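Student: Based on what follows, work out the 3D shape:
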Amino acid sequence: MNALTGDRVFRIHWVLGTDRLRAVCHCSAEREFEDPVELWEWLLDHPVGHAP
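Tutor: Sure, this is the predicted structure:
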């Protein structure tokens, strides 16, 4: 299996044992969320609020 690569790849990980999701932007910035809508807004608002 090949991992996706590129300059617009987003990753979303479920944080084991919690109701939280970890978002990883293509710029390497990471942030945890409880609300998936807020997660996607943050990812798609790049670079606002992103610090790799």
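Student: For the most centrally placed residue in the chain, give me its contacts.
Tutor: In the chain, the C-alpha nearest the mean C-alpha coordinate belongs to Ala23, at 2.0 Å (CA atoms, centre = their mean). Contacts for Ala23 (CB atoms under 8 Å, 6 or more residues apart in numbering) come out as Phe10, Arg11, Ile12, Glu30, Arg31, Glu32, Phe33, Leu39, Trp42, Leu43. Quick note: C-beta positions are derived from backbone N, CA and C, even for glycine.
Student: Would you confirm that it belongs to a strand?
Tutor: Yes: judged by DSSP: H, G, I helix; E, B strand; the rest coil, Ala23 forms part of a strand.
Student: one step back: now the two most distant members of the contacts of Ala23.
Tutor: Maximum pairwise distance among these (CB to CB): 14.4 Å, between Phe10 and Glu32.
Student: Mark which of the contacts of Ala23 are buried, thanks.
Tutor: Arg31, Phe33, Leu39, Trp42, Leu43 (16 or more other CB atoms under 10 Å).
Student: out of the residues you listed, who's nearest Gly17?
Tutor: Phe33 (15.9 Å).
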